[in-house]
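Chemist: Kindly generate the corresponding structure for this input.
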Amino acid sequence: MPLSAGPRAVTARLMLPMIPGAGRVDDAAVLFVGRRILAAGPRRQVLRGFAGPVEDLGDAVLVPGLINAHSHLELSGLGGRSPRGAGFPAWAVWLSGQDLSPPSADVLAAAVRQMAATGTAGAIDVGSRAGPAVVAALAAEGLSGLVCHEWFGFRRFPAGDPPPVLPPALEAAVRPAAGVRAAPSGHALYSTSPENLLRAREACRGLGAPFCLHLAETAGEVELLATGTGELAALLLGRLLPRGYRPPGRSPVAEALSLGLLGPDTLAVHAVWLSGADRRILADTGTVVCLCPRSNRHIGVGTADAPALLAAGVPLCLGTDSLASNDDLDLWNEVRALLADHPDFPGQALLPALTATPARLLGRDRELGLLAPGAVGGYAVVPPDLAGRLA
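Modeler: So this is what the prediction gives:
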């Protein structure tokens with residue numbers, strides 16, 4: 001959506017406001033300043049007395065600005081270089097050989113502009129090297145969101161002298177950044193110790209922020225946690241995993257449950273390799289799952305069973321992951337990929353995954369994920385090829 005200094009309006013054939021209990025609005029209009037919604041509803045009502053600029057979008061379908069529930073903007077300089085379909089260990093080896101220095105401000109700005117140009121108004125971004133620069137890039141484009149500082153490793157810290165929950169530079173960066181917050185996150189059960197995962201989880205609770213964790217992304221993760229063997233185990237033992245590592249002997253989801261990491265304030269990312277029992281655990285705990293279909297396809301880890309997750313009652317979001325494992329940061333392309341994988345997936349379940357569900361996870365469901373006065377996520381336009389399925 002175009003950002004403006006003064007009030008302006010758009011009109012369209014249809015608006016889906018994503019307000020609980022509210023239906024679709026035909027012949028709609030949205031009045032806004034920047035990304036802040038001043039009014040949204042029937043055209044005649046919204047434009048009554050308004051003398052500012054009005055853009056008619058014709059047959060378009062308007063929805064709230066989208067929320068990318070999983071990105072790694074600090075990897076934006078690696079686009080177009082990674083191996084395709086070679087599997088997670090090969091991709092991880094490739095990534096470890098790259099220059100992982102924080103990208104330039106121009107690279108980050110271009111990535112965030114790409115998000116915004118395709119309808120994204122907020123992001124849950126994860127990284128460990130470029131947090132302050134990511135905050136600045138999001139704020140400069142007017143995007144909201146959460147910048148997560150990812151904890152890695154099995155290092156034990158003295159009980160009386162733990163490291164800070166967040167790097168001081170990241171804490172300082174978010175103070176003046178309206179709409180952008182920061183929190184710690186864990187990487188995965190095989191790359192962050194249980195003690196550090198729990199510490200990050202508790203810190204997120206104290207901050208009122210969701211706890212993010214890559215979970216059941218690869219078959220190798222399942223094998224490693226079950227038996228301590230396999231290609232991923234061979235890659236990590238003695239490097240990231242300690243030599244004396246003992247596998248818990250259960251699935252990633254069951255292990256996350258045993259550690260107390262699941263719940264309605266947890267975002268489990270990928271969730272590709274799940275059993276029926278795993279899906280029931282996720283549903284029973286209210287854990288939110290973020291699907292990244294194109295990243296999974298690019299790396300070659302398999303396809304998440306989105307229909308089974310939906311049928312089990314698991315709340316769903318969508319994310320692009322990074323440009324190191326995807327071609328772009330366009331959430332509509334994630335929708336297209338999911339529908340290509342699952343042609344019968346109900347379209348009405350997709351808009352909440354792009355808007356209301358991640359907004360609720362962020363604790364900002366009165367500001368993001370809806371078209372209503374006071375919301376700050378602006379609007380997005382459903383691409384014509386998807387309008388029939390989503391509307």
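
Chemist: Could you give the average pLDDT over stretch 148-165?
Modeler: Averaging pLDDT along stretch 148-165 gives 81.

Chemist: Between the two ends of that stretch, how far is it?
Modeler: With C-alpha to C-alpha, to the nearest Å as the measure, the ends of stretch 148-165 fall 11 Å from one another.

Chemist: in the stretch 251-391 of the chain, which spans are strands?
Modeler: Here the stretch 251-391 of the chain has its strands, by DSSP state E, counting those that start in this stretch, at 266-270, 288-291, 316-318, 379-381.

Chemist: which stretch among those strands comes nearest D27?
Modeler: For D27, the closest of the strands of the stretch 251-391 of the chain is strand 379-381, at 15.5 Å, according to C-beta to C-beta. Where C-beta positions appear, they are placed from N, C-alpha and C, glycine not excepted.

Chemist: For that closest one, buried residues please.
Modeler: 379-381 (16 or more other C-beta atoms under 10 Å).

Chemist: Note down every partner strand of it and its orientation.
Modeler: Strand 379-381 pairs in its sheet with strand 61-64 (antiparallel), by DSSP bridges.

Chemist: How about residues contacting the strand it pairs with?
Modeler: For strand 61-64, contacts defined as C-beta atoms under 8 Å, 6 or more residues apart in numbering pick out 10, 12-18, 28, 30, 121, 351, 354-356, 368-371, 375, 377-382, 387, 390-391.

Chemist: what comes up buried for it?
Modeler: For strand 61-64, the buried set under the neighbour-count rule, 16+ other C-beta under 10 Å, comprises 61-64.

Chemist: Reformat those into a markdown table and put distance to D341 next to each item.
Modeler: Shown next, in a markdown table, are those (distance: C-beta to C-beta, whole Å):
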| residue | distance to D341 |
| --- | --- |
| V61 | 23 |
| L62 | 27 |
| V63 | 22 |
| P64 | 25 |
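
Chemist: Flag the shaky bits of the stretch 201-350 of the chain, pLDDT-wise.
Modeler: Nowhere does the stretch 201-350 of the chain drop to pLDDT under 70.

Chemist: Helices of that one, start to end?
Modeler: According to DSSP state H, counting those that start in this stretch, the stretch 201-350 of the chain carries its helices in the segments 219-227, 231-236, 252-258, 276-285, 293-299, 306-312, 331-341, 350-354.

Chemist: quick revisit: just the closest of the buried residues of strand 379-381 to R279, please.
Modeler: Set against R279, the nearest of the buried residues of strand 379-381 by C-beta to C-beta is A380 (29.6 Å).

Chemist: just to revisit the earlier point, can you redo the helices of the stretch 201-350 of the chain as CSV with distance to P89 and mean neighbour count?
Modeler: Listed next are the helices of the stretch 201-350 of the chain as CSV, based on distance: least, C-beta to C-beta, whole Å; neighbours: other C-beta atoms under 10 Å:
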stretch, distance to P89, mean neighbour count
helix 219-227, 7, 21
helix 231-236, 5, 18
helix 252-258, 16, 22
helix 276-285, 22, 18
helix 293-299, 10, 24
helix 306-312, 25, 17
helix 331-341, 23, 20
helix 350-354, 29, 23
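
Chemist: For those helices, give me JSON lines that also has distance to G80.
Modeler: Formatted as JSON lines, the helices of the stretch 201-350 of the chain follow (distance: least, C-beta to C-beta, whole Å):
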{"stretch": "helix 219-227", "distance to G80": "25"}
{"stretch": "helix 231-236", "distance to G80": "24"}
{"stretch": "helix 252-258", "distance to G80": "30"}
{"stretch": "helix 276-285", "distance to G80": "34"}
{"stretch": "helix 293-299", "distance to G80": "11"}
{"stretch": "helix 306-312", "distance to G80": "27"}
{"stretch": "helix 331-341", "distance to G80": "15"}
{"stretch": "helix 350-354", "distance to G80": "25"}
